[in-house]
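# After the sequence you'll find the predicted model.
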Amino acid sequence: MLTIFLEIHMTETILELNNASIFQRETLILSDVNIEIKKGEFVYLIGKTGTGKSSFMKTLYADLPLKSGFGQIVGFELKDLKDKEIPFLRRKLGVVFQDFKLLNDRNINENLFFVLKATGWKDKSKMQKKIDEVLDKVGMKTKSFKFPYQLSGGEQQRVAIARALLNDPELILADEPTGNLDPQTSVEVMQVLQEINANGNTILMATHDYALLLKFPSKTLKCDGQRLFEVVQKQQQQ
């Protein structure tokens, strides 16, 4: 019985798009998108600037509407998603941005406290316990009293990853999380993401950094010519 349960659990689909078209207002960005991401996968999203990576990510967290085709993410259907449903979708997602998006007028602990409060947490002791837990996961627990501007870029991105983990997301969307970091710091941030993935979190990461793909190979989707398709490993290494 346990084996059957584990097999079902491991093959659970977290994200699926069929015959989907991605638009930026009236402009078609990607057409005939057919992808599936299962629970526990680490998936890269690559492609040149302007090929649709950001538009695709924005569609997944409902910043852009899905106008055509089928899309399902963490149990929500993206087409015809109602405005009142969007906050509930986003609570099941963890989003990590290239520019960190931390609030500079409050320390790290207060940054994370703000997010928990905004997403409906009430019990202060439980909130603090959760904050300590996620900061510990990214190696930043001892720096919770510092303000964002007192941290390096790599440290700020670790905090941004911790923030994405606060509500135990079913999927983490990381949009160019190493884009503003030097190569060594990028590797360190990737190691944090790899550890989080090893603990069971599903991650979709948009990146320009092909060195990371070689160092940490994984399933890869590519945007090119208004298409989104999976890249086979041999092509990646050329």
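Everything's here; your move.
# okay but residue 13 is in contact with residue 37, surely?
Yes. Counting by CB atoms under 8 Å, residue 13 does reach residue 37; the two are 7.4 Å apart. Heads up, the C-betas are built off the backbone N, CA and C, glycines and all.
# quick one: which of the two has more around it?
More crowded of residue 13 and residue 37, by other CB atoms under 10 Å: residue 37, with 20 against 13.
# looking at this, that one is in a helix?
No. According to DSSP: H, G, I helix; E, B strand; the rest coil, residue 37 belongs to no helix; its state is strand.
# wait, what's in contact with it?
Residues in contact with residue 37 (CB atoms under 8 Å, 6 or more residues apart in numbering) are 13-16, 43, 171, 202, 204.
# at 10 Å instead, please
The contact partners of residue 37, taken as CB atoms under 10 Å, 6 or more residues apart in numbering, are 13-17, 43, 73, 171, 202-204, 219, 221.
# Just put those residues in TSV and tack on secondary structure, pLDDT and distance to residue 154.
Listed next are the contacts of residue 37 as TSV, based on DSSP: H, G, I helix; E, B strand; the rest coil; pLDDT from 0 to 100; distance: CB to CB, whole Å:
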residue	secondary structure	pLDDT	distance to residue 154
13	strand	94	33
14	strand	96	28
15	strand	96	28
16	strand	96	33
17	strand	96	32
43	strand	97	23
73	strand	96	29
171	strand	96	23
202	strand	96	23
203	strand	97	18
204	strand	98	21
219	strand	96	25
221	strand	97	26
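# for those residues, which one is nearest residue 193?
residue 203 (6.0 Å; CB to CB).
# hey, what's in contact with both of residue 13 and residue 37?
Common neighbours of residue 13 and residue 37 (CB under 10 Å, 6+ apart) are residue 73.
# out of the contacts of residue 37, who's nearest residue 67?
Out of the contacts of residue 37, the member with the shortest distance to residue 67 (by CB to CB) is residue 17, at 12.6 Å.
# Any idea how many residues pack against that closest one?
By other CB under 10 Å, the residues close to residue 17 number 25.
# show me what contacts it?
By CB under 10 Å, 6+ apart, the contact list for residue 17 reads 30, 32-37, 56, 59-60, 66, 69-73, 78, 228.
# Apply 8 Å and report the result again.
Residue 17 is in contact with 33-36, 69-72, counting by CB under 8 Å, 6+ apart.
# bridging residues for it?
residue 35, residue 71 (DSSP bridges).
# Quick check: the gap between it and residue 58.
14 Å (CB to CB, to the nearest Å).
# Present the contacts of residue 17 as TSV; the columns should include pLDDT, distance to residue 195 and neighbour count.
As requested, the contacts of residue 17 are arranged in TSV below (pLDDT from 0 to 100; distance: CB to CB, whole Å; neighbours: other CB atoms under 10 Å):
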residue	pLDDT	distance to residue 195	neighbour count
33	96	30	26
34	96	31	15
35	95	25	18
36	96	25	14
69	96	34	17
70	96	33	15
71	96	29	23
72	96	28	16
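# Look at the spatially closest residue to residue 24 that is not a sequence neighbour and report its pLDDT.
Spatial nearest neighbour of residue 24, chain neighbours left out: residue 55 (5.1 Å); criterion: CB to CB, 6 or more residues apart in numbering. Looking at residue 55, its pLDDT reads 94.
# check contacts around residue 55.
22-24, 29-30, 64.
# Tell me which residues touch residue 51, please.
Residues near residue 51 by CB under 8 Å, 6+ apart: 223-225.
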